[in-house]
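Student: Show me how the following folds:
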Amino acid sequence: MWEVFVRSRAGLAHQHVGSLHAVDAEMALANARDVYTRRGEGASLWVVPATEIVASDPDDKESFFGLDEEFRHPSHYVVPDGVVGI
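Tutor: Residues are numbered from 1 along each chain as shown. From the prediction side, this is the model:
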């Protein structure tokens, strides 16, 4: 199983578009081209073995991303006079 990412034009980020089966990387690229860029909408393709992708667990969102950590909020800082926020 391979995960497929397509960049539609230069300067944009690759976007995940789907998955496919292939025996090797060369076949995965060819299949991805045929399946996900039939109308010429791709400028670049990435294929990644699905087993190589490491992801965080959505159930661990609070602890993993530290949403409850106070230092992430500017409530403990004194802003000097003359400093203008953006």
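
Student: from here on, contacts and neighbour counts on C-alpha atoms
Tutor: OK.

Student: Show me the shaky parts of this protein.
Tutor: Across the chain, the ranges flagged by pLDDT under 70 are 66-76, 85-86.

Student: For it, which segments count as helices?
Tutor: 25-36, 61-65 (DSSP state H).

Student: Pull the contacting residues for residue 7.
Tutor: Going by CA atoms under 8 Å, 6 or more residues apart in numbering, residue 7 touches 13, 14, 15, 42, 43, 44, 45.

Student: meant to ask about residue 9
Tutor: 41, 42, 43, 44.

Student: at 7 Å what do you get?
Tutor: Residues near residue 9 by CA atoms under 7 Å, 6 or more residues apart in numbering: 42, 43.

Student: Ramachandran coordinates for it?
Tutor: Phi and psi for residue 9, reported as degrees, to the nearest 10, are phi -160, psi 160.

Student: quick one: it and residue 16, what's the gap?
Tutor: 14 Å (CA to CA, to the nearest Å).

Student: And for residue 64?
Tutor: Applying CA to CA to residue 64 and residue 16 gives a distance of 23 Å.

Student: And the two? Which one has more around it.
Tutor: Under the criterion of other CA atoms under 10 Å, the comparison of residue 64 against residue 16 puts residue 16 first, with 14 against 11.

Student: related to what we said a few turns ago, of the contacts of residue 7, buried ones?
Tutor: Burial by neighbour count, judged by 16 or more other CA atoms under 10 Å, picks out 14, 42, 45 from those.

Student: Arrange the residues you listed in JSON lines, one row each, with distance to residue 82 as further columns.
Tutor: Output for those, formatted as JSON lines (distance: CA to CA, whole Å):
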{"residue": "14", "distance to residue 82": "41"}
{"residue": "42", "distance to residue 82": "48"}
{"residue": "45", "distance to residue 82": "48"}
